[in-house]
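In: Mind looking at a prediction? Sequence and model below.
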Amino acid sequence: MKTIQIRTEIPGPKSKALVARREAAIPRGPQLVTPIFAAKAEGAWIEDVDGNRYLDFAGGIGCLNVGHRAPRVEQAVREQLVKFLHLCFGVTPYESYIALAEKLNALAPISGAKKTMFINSGAEAVENAIKIARAHTKRPAVVCFEDAFHGRTLLTMSLTSKIVPYKAGFAPFAPEIYRVPYAYCYRCSYNETYPSCDTFCARHLEDTFRRVVAPDSVAAIIAEPVLGEGGFVVPPKEFFLILREICDKYGIVLIADEVQSGVGRTGKMFAIEHFGVEPDLITTAKSLGGGLPIAGVTGRADIMDAALPGGLGSTFAGNPAACVAALAAFETIEKDGLLARSAAIGKRFEARAHVWKQRWPLIGEVRALGGMCAFELVRDPETREPASTENKELSRFAYEHGLITITAGTLGNVMRILVPLVVTDDQFDEAMDVLEAGLAHVADKKQPVASHA
Ligand SMILES: Cc1ncc(COP(=O)(O)O)c(C=O)c1O
C-alpha cells in the first residue's frame, strides 16, 4: 500500500485554522516550513490533523535517523517515565548519563582516553566545545568556515555564515572569530578547480595565520564534515587531512561539528570517519536522542578535563528520558543495520538523481554521502545562477503531494534529504516519484524537456 494518502487539499481545514492561531500567538522568528500540523507519526511517515499521510524526508531536520517512535526508543522512555523525569545530573546523578557517555566514548573515532558531557541542543554542544578548547589552549580565537551553520545563540550565530535570516539585525557578534572558505568545490570562493587546486582553500590557512590571526592565538578550528544547512557539501578528502596537519602543527583543537552529519546519517556513525582523520572534539545532537532533545561533546580526555568543575553543564543537561532514548537509538542503529541502510539510501538516491540531472539542467550538482543526500538547483549550468525560487516551488509541490522536504544552502537553492533511515524501499521510491514529478512541474515550465533530453 502506498504511504502517501491525500484526502483533502493541502493544508486541510484543521491545519489552516492552526496556521491562523500560530500566526496570532507566535512571532515570525521561529520558521514555518510547511502549513502541516502533525497528529501522529511512525517510522518515515507523518499523519496530519486532517488525516493526510505524508512521507517525512525532513525528519524534524535530521533528528530522526531511527525513525518516528522507534520501538526501542519508545519503550525505553516509557520505562523511564515511571521512575524519574528530572534530577539534574550535577546534583543527584543517574547511571544512564554515564552509560551514554561510555557509548559515545567507545564509538568516537578518536584514539586514546575519551570523555563526554551532555547538554540540550546542537548550539549548546558547539558553545561547550569552544569553551573547552579555549580552557585547554588558553587561547581566544576560533577559525570557522563560510557556509557553516553552528546554531543561533550568540557564539554559535557568530560562527554561522549565512546572514539572512540567521544574523541580520542581531549584531554585535562574539569576538575572535575568523572565517575562511570551505571546500565548496562547486562554488569555489577562490575560483579554483579541484583537484588541480591542490586543496588551496585548506592550504591557504597558513596565509590567514600570517595576515589575519596568529596561530598561537587560535584555540580551535571548527568544521562540519559535511556542510548541513550550507547545502550538504562534501569536501574532498584532503581538506580534513590538511586541517588536521595544521592543527597538529600549531596545537589547535580540531572540532568536528557532527550535529547534523553524525549518528549514522552518512553511513558511518560519524561523517568524519569518511575522511580518515581524527578530530579532537566532536559535537552531536539532533538524531542522538532518537527524537528527544539531547546533545553531547565527546573528545580527548585531556582536553575535555580542561574546564573546572561547574564550568560546564546546564540544569536539564543529559535529561534522564533523553539519555535512555539515546541509548535505545544507538541500539537500534546497531541491531537494525542502519549504517548499511544509510549507505544504500544514498545509492538509491543517486541512481535516480543522476538521471534527473541528465534530463534537467536545473540540477547543477547531485551530492550524497550515505543518507545525507541533496541536489543543488541552478537556472543555468554554465553561470550556476542559483534557482532558489524554483527550489521553494519544488518543496511546496512536494508537500502538496505528500512529501515533506526541507531546503538548504546559503543561496537557498539546495534540496536536501534527511529521511529516517528506517524508510522502506517502496516508501523511498514513492518519495522519489513525487520529487521527479515536482522537478517536471518546476523545470519543464521553464526548460522544455525535449530541448535538453
Ligand atoms: C552542524 C550544526 N551545528 C549546530 C546546529 C545547531 O543545533 P540546534 O538547532 O540543536 O541548536 C545545527 C542545526 O541545524 C547544525 O546543523
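Out: Nice, I can see it. Everything quoted here is computed from the prediction, not taken from an experiment.
In: and stretch 13-32, which residues are buried?
Out: Buried residues in stretch 13-32, defined by neighbour count with 16 or more other Cβ atoms under 10 Å: 15, 18-19. For the C-beta atoms, the positions are set from N, CA and C on the backbone; glycine is no exception.
In: any chance of those residues in JSON lines, plus distance to Asp426 and secondary structure?
Out: Shown next, in JSON lines, are these (distance: Cβ to Cβ, whole Å; DSSP: H, G, I helix; E, B strand; the rest coil):
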{"residue": "Ser15", "distance to Asp426": "26", "secondary structure": "helix"}
{"residue": "Leu18", "distance to Asp426": "30", "secondary structure": "helix"}
{"residue": "Val19", "distance to Asp426": "31", "secondary structure": "helix"}
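In: Restrict stretch 81-90 to CA atoms and write it as CSV.
Out: C-alpha atoms of stretch 81-90 as CSV (Å, rounded to 0.1, in the frame of the first residue of the first chain):
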residue,chain,number,x,y,z
LEU,A,81,8.7,7.9,32.8
VAL,A,82,7.6,5.9,35.8
LYS,A,83,11.0,6.1,37.5
PHE,A,84,12.0,9.8,37.5
LEU,A,85,12.0,12.6,34.9
HIS,A,86,14.4,15.2,36.2
LEU,A,87,17.0,15.3,38.9
CYS,A,88,19.9,17.3,37.4
PHE,A,89,22.9,15.2,36.8
GLY,A,90,25.1,17.6,38.7
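In: Quick check: mean pLDDT of it?
Out: Mean pLDDT, computed over stretch 81-90, is 97.
In: interface residues of the stretch 101-250 of the chain facing the ligand?
Out: Contact residues, the stretch 101-250 of the chain versus the ligand (Cβ under 6 Å from any ligand atom): 121-123, 126, 149-151, 224, 228-229.
In: same thing with the stretch 251-400 of the chain?
Out: Contact residues (Cβ under 6 Å from any ligand atom) of the stretch 251-400 of the chain with the ligand: 257, 259-260, 285.
In: Most neighbours among these, please name it.
Out: Asp257 (33 neighbours; other Cβ atoms under 10 Å).
In: Which strand residues bridge it?
Out: On the basis of DSSP bridges, Asp257 is bridged to Thr283.
In: Confirm for me that it is in contact with Thr283.
Out: Yes: using Cβ atoms under 8 Å, Asp257 is in contact with Thr283, at 5.0 Å.
In: any residues in contact with both of these two?
Out: 122, 125-126, 129 (Cβ atoms under 8 Å, 6 or more residues apart in numbering).
In: between these, which is nearest the ligand?
Out: Using Cβ to the nearest ligand atom, Gly122 comes nearest to the ligand of the shared contacts of Asp257 and Thr283, at 2.1 Å.
In: circling back to that earlier point, wait, which of the shared contacts of Asp257 and Thr283 is closest to Phe397?
Out: Nearest to Phe397 among those, counting by Cβ to Cβ, is Gly122 at 29.4 Å.
In: OK, contacts around that closest one?
Out: Gly122 neighbours (Cβ under 8 Å, 6+ apart): 150-151, 257, 259-260, 283, 285-286, 295.
In: Could you work out the most separated pair of the residues you listed?
Out: His150 and Lys286 (12.9 Å).
In: Tell me which of these two has more neighbours.
Out: Using other Cβ under 10 Å as the criterion, His150 and Lys286 rank with His150 on top: 32 against 28.
In: Now the phi/psi pair for the more buried one, please.
Out: With angles defined as degrees, to the nearest 10, His150 sits at phi -130, psi 0.
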